[in-house]
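In: Prediction below, plus the sequence it came from.
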Amino acid sequence: MVFARSDPFGSDSLQTVRVVKLLIAGGFGVGKTTMVSTLSEITPLRTEEQLTERSMGVDDLTGVEGKTTTTVALDFGRLTIGSDLVMYLFGTPGQDRFWFMWDELSSGALGAVVLADTRRLEACFGPVDFFESRGIPFILAVNCFDGADIYYEDEIRNALDLPQTVPVVLCDIRVRDSAKQVLIHLLEHVLVTKNLA
Ligand SMILES: Nc1nc2c(ncn2[C@@H]2O[C@H](COP(=O)(O)OP(=O)(O)OP(=O)(O)O)[C@@H](O)[C@H]2O)c(=O)[nH]1
Ligand SMILES: [Mg+2]
């Protein structure tokens, strides 16, 4: 998406602003909402609801036992890079029963981050299949939770049967610079995938 806006410094020339839509996706409780919040320069839109007792035994809370809410529709945040690139960040819901929204959410997306928690790596299979089957470029970002075992990139790639072309990065999405690096890796990957690099 490209918008033109007036030069704020008074010149009559129009400035071109590129707006790109990126998805922060992944399984239940991997840190998607946290990542959008960490990155967003505006107060992020969240659609959180309380986890009910009915969720117990359905959603795997391993490692995030203190989690009390879950995203039921989407997260939205905005990040401006330089004067001419604005990223709209859409976080997906993680629970299986909300996956029907992913198609709509991914419409027009330039690329996606699949967030992973190594304690529940199997939660990545669905998201990886989703983006592979739709031809949407994605990277795998391992959110290194405190106390979780650390694995080498190749171990994670093998466990998920990811092709070499899909970047795997380690991050702590609570830290802004780390979360930003993830987006930079994604943008680089999109450029390479679309032969624009
Ligand atoms: N220790 C630690 N806790 C984290 C990290 N990221 C998120 N959390 C916590 O883990 C829980 C899950 O974070 P969320 O951001 O809600 O995860 P989500 O992927 O949006 O979850 P759903 O929308 O329910 O799928 C929350 O309690 C966070 O405070 C992290 O990197 N390290
Ligand atoms: Mg969430």
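Out: Perfect, thanks for sending it. Ligands and ions are numbered 1, 2, ... in the order given.
In: where in the protein is pLDDT low?
Out: 2-14, 54-57, 197 (pLDDT under 70).
In: ok, 50 please
Out: Judged against pLDDT under 50, the chain has no low-scoring part.
In: Report the closest residue of it relative to ligand 1.
Out: Across the chain, no residue is closer to ligand 1 than residue 94, which sits at 2.2 Å (CB to the nearest ligand atom). Glycine gets a C-beta too; all of them are placed from N, C-alpha and C.
In: can you confirm that residue is in a strand?
Out: No. Counting by DSSP: H, G, I helix; E, B strand; the rest coil, residue 94 is not part of a strand but coil.
In: Give me the phi and psi angles of it.
Out: phi -110, psi -30 (degrees, to the nearest 10).
In: got the residues of this protein near ligand 2?
Out: Contact residues, the chain versus ligand 2 (CB under 5 Å from the ion): 32, 33, 71.
In: so what's the first one closest to, chain neighbours aside?
Out: Spatial nearest neighbour of residue 32, excluding adjacent residues (CB to CB, 6 or more residues apart in numbering): residue 91 at 4.3 Å.
In: Roughly how far does that neighbour sit from residue 61?
Out: Separation of residue 91 from residue 61 (CB to CB, to the nearest Å): 19 Å.
In: okay, these two: which has more neighbours?
Out: residue 91 (30 against 16; other CB atoms under 10 Å).
In: Can you verify my assumption that the more buried one contacts residue 39?
Out: No. Here residue 91 lies out of contact with residue 39, judged by CB atoms under 8 Å, at a distance of 10.1 Å.
In: which neighbours do the two share?
Out: The contact sets of residue 91 and residue 39 overlap at residue 77 (CB atoms under 8 Å, 6 or more residues apart in numbering).
In: In this protein, which helix is the longest?
Out: helix 176-193 (DSSP state H).
In: Pull the residues that contact that helix.
Out: Contacts for helix 176-193 (CB under 8 Å, 6+ apart): 22, 35, 38-39, 79, 87, 110-113, 137-139, 141, 165-167, 169, 171-173, 196-197.
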